[in-house]
Structures are given as C-alpha cells and as structure tokens.
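Q: Sharing a model that was predicted from the sequence below.
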Amino acid sequence: MLGEGILKGLAETARNFLGSYVSKDRLTTVQFPEERLPQAEAARNFPFLVYDGSDWQAGLRCVACQICEKECPPKCIFIEKSKDKKPDYMGKPQFYPAVFNIDVSVCMSCQICVEVCPFDAIEMDNAFELSTCDRFGGLLWPKSQLAKSNDYFHQIHPTAASEVDERLAEAKTKADAKTKPLAGAASSTSPQPESASTT
Amino acid sequence: MTELLDQIFVIVKHWLVAHSPFWLQSSISAALSAAAILVVFASLFALTTILERKGLGRFQNRYGPNRVGPFGLLQPVADGLKSLTKEDIVPHSADAALHLLAPIILVTAAFLGYAVLPVGRNMVAIDLDAGVLYFFAAGSVIELTVFMAGWSSRNKYSLLGAMRAIAQMISYEVPLILSSITVIMATGSLSSVAIAERQAGYTGIWPHWFVFTPWGFAGFVLFMIAAIAESNRSPFDLPEGESEIIAGYYIEYSGFKFALFFLGEYIGMFAISGLAITLFLGGWSAPFSFLSWVPSYFWFFGKLLSLIAVLIWVRSTLPRLRMDQLMNFAWKFMLPMAMINLVTAAVWHFMQSGSLRWLVCAVLVAAPYTLLGRGLMQSKKLEKRVYRFAD
C-alpha cells in the first residue's frame, strides 16, 4: 500500500528516539574526553622502556645492546652506551644507556624494536593523547620520558606483561639453580642470602 | 477565573490602548499586536533550532549540541552571535540591491502571514473577511524572494537552485490551496477566525475539528505534505540541497543574511503549520470538552509544537526526493487527490448526518488513494533486483 514504507520508517526512527533515552545501544556516543572507550589489549602507539621496582634508573632493563637501534627501519632510536656498569635483575653487572632517545615524529610503530629486544626492555605503549606545541624538541623523547614501570606495563598489556614476567622468573630460577650447586660447593651459606635478596 | 486567564492578553492590550492618547490608539493597538507576534514567534524560532538539533540527534542515535548551556540550551545564542559577527560577503558582480533585499522581504512576508492566525479566543491581529486568501497571497511573496536570491547571486548553480525551488513551490501551491478550499466550503467563509470558531463546539466530549471527518483527514494530510514542500523542508529540500549543492539558492549568502534566510524559512514553516491548525485541527479549541478550562492560546501553541515535532520526525526519517519524483508527486498524485477531496467534502455537506455519510465519504477517500497509488507504482515496474556477478 502506498505510504506503508513511510509509516514503517517513521516507526523505526521513533524507536530510535525513545530508545536513546533508555538504552545504551540506541545512543552510541562516547563523549571524549570526558568518557573514553577502553582500548584493545594489543593496541599500540609508541615504545617505552620498562623498569622493575621503584627506581627508574636502577631498575631499567635496557643494557644498551643497541640491537633495536640497528633494527629500527626509520632509525628513530639513538643510544649512547655508558662507560660504567650497574647490576641487572639477575645481579650481573651490565652496561646501561647513558642516552636513549626516540624521535616519535619518525617512529612508525612497527614494533620491530620490541620483537628483537633480547631483554624485554622495550615494549609498546598505548597512550595516544600526546599533543605538544613543540614539533621538534617536544617529539624527541629522552630516557626519562620513555621509562615507565613494570606495573604500568601490567596495567596496559596484562597478558604480555605476565608472560614476560614468567619467562624472566623462569630464566632466573634456572640461572640460580646453576649457580646454587656451584656456590654450595664453594661456600655453603653465602649464596642463600644473595638469592633470597634478588628474587 | 479560567475566563480571566484565557483572555488575559486581550484584557492587558485593551487596558494599554485605553490608557494611551486618543489620536495614537489605533497605532498603539497595531504596534502591540505586531510586537507580540514578533517576540513570540522569534522566540519560538530560537527554541525550535535547538529542539530540532537535539531531536535530530536523538533520532540519529546521538546527542545533539550539549556543550553551550545546560543540555545545550544556549546554543541559539551562540549561533546568533556567530551569524552576526561573520563577515558579510557579497559577490563582486552580484546585483547588490536585490542581494540585500531578498532576505529582508522573505522575513517580512513570512511574518505577514501571522496577522490572520487566531492564536486564542478573540486573539487575532486582524480579523479579515478574506483571511485565508490574504495568507496565501503573503505566502506567494516568499516564492518571489527565493528567485530574487538565486538571480541576484550571479552564480549559475544558485540560479539552478532557485529555478528548482520556484518550480517546487508553485507546483505545491495547487494542492495546498485546493485542500484548504474544502475547509472554506464547509465553513462558508474565508475568515480564519470564523473557521476556528466553527470548530470550537463539542458533541459530548468529541470536538468538531475538521480533521475528524474523512475529507478533513485527507485534506489535512495533503495540506501538511504541501506545507512541507512549501517551506523547502526535508524531504522536499532539494532547492536547499544541504548535501548536494551546498545551500542552493542562498549559497552566496553569509553571516547575518544567511541567518535571515534561516529565520524566514522557519517562520514560514510555523505560519503554515499555524494555518493547518486553524483550518483542520480546531485552532485554539481543546481536544475534549472537559479540557476547555485550559487557556485557548495554550492549545494553539501545544498543537503548533506537536506539528513542529512531527515535521522534525519526518525530516529525520525520509530521504530527499529527486526533482522529477517531487514534481510527479505533486501533479500526478496530490492534485487528483485534492480534487477528489473537494467532491468528498461536497458529498459530506449535502448528505444527512449518520453512518452512511461516513461510509460513503471514507470510500471516496480510500478508494482513489489505493487505486491511484497502485496505478502510479505499476507504471514504474518495480521488481526485486537480481544481481549477476562476474565470475
């Protein structure tokens, strides 16, 4: 019948109108920046450096091996190795990066630096509200701006962070298992307090 | 008490006129009516812009503007300030006088129609004997201003838009006037006050509105469709063509003149809705006899707001009609329906009151509608589309 389609259409829009006051799926607006949609777990934007514990300089996982600098396709990472060493999470003295800069205006978020890092020291962040008024210096991030804690890593990528932690803990127990019998043979008491303090 | 409330504005106006010097009295009376119309309908315009944007938003599953005031209610203020402070660009080769006059005459003509609309009992600016005729005459000036706008911009697209606009408006004038003639026939008078008063009686609790008769219902639907087309409102907003030719005939206008076009369009929409209410929906009378203690102007504006809500609803639902679809609809469907409606109204008038009258008139309305609709659709040969993919 003529006009039937129009009446059906009017009924549909009326449902939209009345439904927008009662149900969320008939009013899908997310009023940014007061409200935000949660990001997917694998969402990534720019890299950040992970540090364990509360002191970002002492706990930084990066040992300045420079593999990420060499593998980065647009060459946005700049690393200067330190002259001295500091102990890492397993107690072994390692170099650390005296300078670690990422030029975020060049970075293409390909995640290659994360994939090649043998120490799980660099991971992808998902923060995207990064506007700055300075498009040169403001987008060249130094070590201090890149370092974020392992707890933050757990917050944004829980699965990946737990998997990394498991792997590192496993490696540590294996390393301890290797050194403990040797240390036990050399001196019976000294390794135990050391292994207890580093777990 | 209800009498007092109902007639409060009339009493206040008479008091003010009586207390002014004798030689000024008629001017003051006219000025008061004009001022009241301007204030009320301009505020209604501001309210409608925000209601429309919020309403359209909700129909489209989103919020409307909600940043400016609480719930975005100060948005019209922001819009007004914006249009006042924007630079007024007039094309170099444009006809400057016409370019300036078009929006001014549009707004003036649109406001002229309100002089004959009775917004309440005894509340009409001028009680003309040929009120409805005057209203249509004032409305026709609007068509002229649309063409003035398109011509003076010296822009071929703007001119195209204007030509399409007047073609549309002239074609829809015919069913508009024919459907209002049925009311005039039933009342026997062209005076809008007489038409409203004629519908103010009740049988039991049921009102005597013309929309509750078969010919009145058909006439109301035809009138409203033609009214939407007259005000260039979606789905008939091809001349305006917001998403196609940007703004059609007022593409070269900016700043305050654009705001005046916008104002003129809405004021025209309210005026023609007001006339529909006066002709078919009983004007200022209450829908049930036990509700007649509520002041009459309340009912008029309530009905006006409901019609505006329906117009917004229709705008958000229907896609735009193409020019040829629009013209076909007016000449091939609405004009025959309006003429048959005239016959129906005459039959209603001359038959005796009773269920036979209802049956005959209902058939006289429904049968042409179905047959004509079916006949016109058949000639289009609409079938289910079959797609063949290249493999």
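A: That came through, no problem. Numbers count the residues shown, from 1 in each chain, chains lettered A, B, ... in the order given.
Q: all helices for chain B, in order.
A: Per DSSP state H, chain B carries helices over the ranges B:2-6, B:8-18, B:25-59, B:75-85, B:96-112, B:131-152, B:156-187, B:192-198, B:214-230, B:256-279, B:296-317, B:323-328, B:335-350, B:355-378.
Q: In the chain, where is pLDDT below threshold?
A: Since no chain was named, I'll use chain A. Where chain A drops to pLDDT under 70, the residues are A:182-199.
Q: try again with chain B
A: B:241-247.
Q: centroid residue for it?
A: Nearest residue to the geometric centre of chain B (C-alpha atoms, centre = their mean): residue B:272, 2.7 Å.
Q: Need the nearest residue in space to that one, chain neighbours excluded.
A: residue B:227 (4.3 Å; C-beta to C-beta, 6 or more residues apart in numbering or on different chains). C-beta here means a position set from N, CA and C on the backbone, and glycine is covered the same way.
Q: that older thread, residue A:115 is nearest to which of the helices of chain B?
A: Between residue A:115 and the helices of chain B, the tightest spacing by C-beta to C-beta is seen for helix B:25-59, at 45.0 Å.
Q: thinking in terms of the whole chain, how far from its middle is the closest one?
A: Relative to the mean C-alpha coordinate of its chain, helix B:25-59 is positioned 14 Å out (C-alpha atoms, centre = their mean, to the nearest Å).
Q: quick one on the thing from earlier: please name the residues that touch the residue nearest to the centre of chain B.
A: B:113, B:139, B:227, B:230, B:231 (C-beta atoms under 8 Å, 6 or more residues apart in numbering or on different chains).
Q: May I ask you to confirm that the residue nearest to residue B:272 is in contact with residue B:177?
A: No: assessed by C-beta atoms under 8 Å, residue B:227 is found out of contact with residue B:177, at 11.6 Å.
Q: The two: which is more packed in?
A: Using other C-beta atoms under 10 Å in any protein chain shown, the more surrounded residue of residue B:227 and residue B:177 is residue B:227, with 24 against 17.
Q: Quick check: nearest residue in space to the residue in chain A that chain B sits nearest to, chain neighbours excluded?
A: Of all residues in chain A, residue A:2 sits closest to chain B, at 3.1 Å by C-beta to the nearest C-beta. Excluding the flanking residues, the one nearest residue A:2 by C-beta to C-beta, 6+ apart is residue B:373, at 3.1 Å.
Q: Hmm, residue A:1 and that neighbour touching each other?
A: Yes: assessed by C-beta under 8 Å, residue B:373 is found in contact with residue A:1 at 7.0 Å.
Q: Could you check which of these two has the larger neighbour count?
A: residue B:373 (16 against 10).
Q: Distance check, that one against residue B:391.
A: Taking C-beta to C-beta, to the nearest Å as the measure, residue B:373 falls 40 Å from residue B:391.
Q: Over to residue A:118?
A: On the measure of C-beta to C-beta, residue A:118 and residue B:391 end up 51 Å apart.
Q: Which residue of these two possesses the greater neighbour count?
A: It is residue A:118, of residue A:118 and residue B:391, that has more neighbours when counted by other C-beta under 10 Å, with 9 against 3.
Q: helix, strand or coil for the more buried one?
A: In three-state terms, and counting by DSSP: H, G, I helix; E, B strand; the rest coil, residue A:118 is coil.
Q: these two touch, right, it and residue A:62?
A: No: in this structure, residue A:118 is not within contact of residue A:62 by C-beta under 8 Å, at 10.8 Å.
Q: partners of the strand ranked longest in chain A in the sheet?
A: For chain A, the strand reaching the highest residue count under DSSP state E is reported as strand A:97-103. Using DSSP bridges, the strands paired with strand A:97-103 are strand A:77-81 (antiparallel), strand A:140-141 (antiparallel).
Q: Tell me which of those is the most buried.
A: Compared across the strands paired with strand A:97-103, strand A:140-141 shows the largest average neighbour count, a mean of 18 (mean count of other C-beta atoms under 10 Å in any protein chain shown).
Q: and the helix or strand just after that strand, which residues are buried?
A: Sequence-wise, the next helix or strand downstream of strand A:140-141 (DSSP states H and E) is helix A:143-146. Across helix A:143-146, burial judged by 16 or more other C-beta atoms under 10 Å in any protein chain shown covers A:143, A:146.
Q: got it, and stretch A:132-143?
A: A:139, A:140, A:141, A:143.
Q: So which of the residues you listed is the closest to residue B:291?
A: The closest of the buried residues of stretch A:132-143, once distances to residue B:291 are taken by C-beta to C-beta, is residue A:139, at 68.3 Å.
Q: Name the nearest residue to that closest one, sequence neighbours excluded.
A: residue A:105 (4.3 Å).
Q: got the contact list for the one you found?
A: Contacts of residue A:105 (C-beta under 8 Å, 6+ apart): A:135, A:139, A:140.
Q: wait, isn't the last one in contact with residue A:100?
A: No: shown here, residue A:140 and residue A:100 do not form a contact pair, counting by C-beta under 8 Å, at 11.4 Å.
Q: Next, report how far the longest helix seen in chain A is displaced from the centre of its chain.
A: Longest helix in chain A, counting residues (DSSP H): helix A:158-186. On the basis of C-alpha atoms, centre = their mean, helix A:158-186 sits 22 Å off its chain's mean C-alpha point.
Q: Which secondary structure elements does that helix sit against?
A: With contacts taken as 3 or more C-beta pairs under 8 Å, 6 or more residues apart in numbering or on different chains; DSSP states H and E, helix A:158-186 sits against helix A:150-156, helix A:191-198.
Q: Now with 6 Å, please.
A: Here helix A:158-186 touches helix A:191-198, going by 3 or more C-beta pairs under 6 Å, 6 or more residues apart in numbering or on different chains; DSSP states H and E.
Q: how about the residues of chain B near chain A?
A: B:58, B:59, B:61, B:62, B:63, B:316, B:317, B:373 (C-beta under 6 Å from any C-beta of the partner chain).
Q: at 10 Å instead, please
A: B:55-63, B:66-67, B:221, B:235, B:309-310, B:312-319, B:333, B:369-370, B:372-374, B:376-377 (C-beta under 10 Å from any C-beta of the partner chain).
Q: returning to that earlier point: and for residue A:140 and residue A:100, which residues touch both?
A: residue A:78 (C-beta atoms under 10 Å, 6 or more residues apart in numbering or on different chains).
Q: Most proximal residue of chain B with respect to chain A?
A: residue B:373 (3.1 Å).
Q: Return the residues in contact with that residue.
A: A:1, A:2, A:3, A:4, B:333, B:337.
Q: next one: residue A:95
A: A:62, A:63, A:64, A:65, A:66, A:81, A:82, A:83, A:84, A:85, A:86, A:88.
Q: State the number of residues packed around the fourth one.
A: The tally of other residues near residue A:65 (other C-beta under 10 Å) stands at 18.
Q: mind checking how far it is from residue A:92?
A: 13 Å.
Q: related to what we said a few turns ago, looking at the contacts of residue B:272, which one is closest to residue B:37?
A: Using C-beta to C-beta, those come closest to residue B:37 at residue B:113, 9.9 Å.
Q: these two touch, right, that closest one and residue B:271?
A: Yes: counting by C-beta atoms under 10 Å, residue B:271 is a contact partner of residue B:113 at 3.9 Å.
Q: No further questions, thank you.
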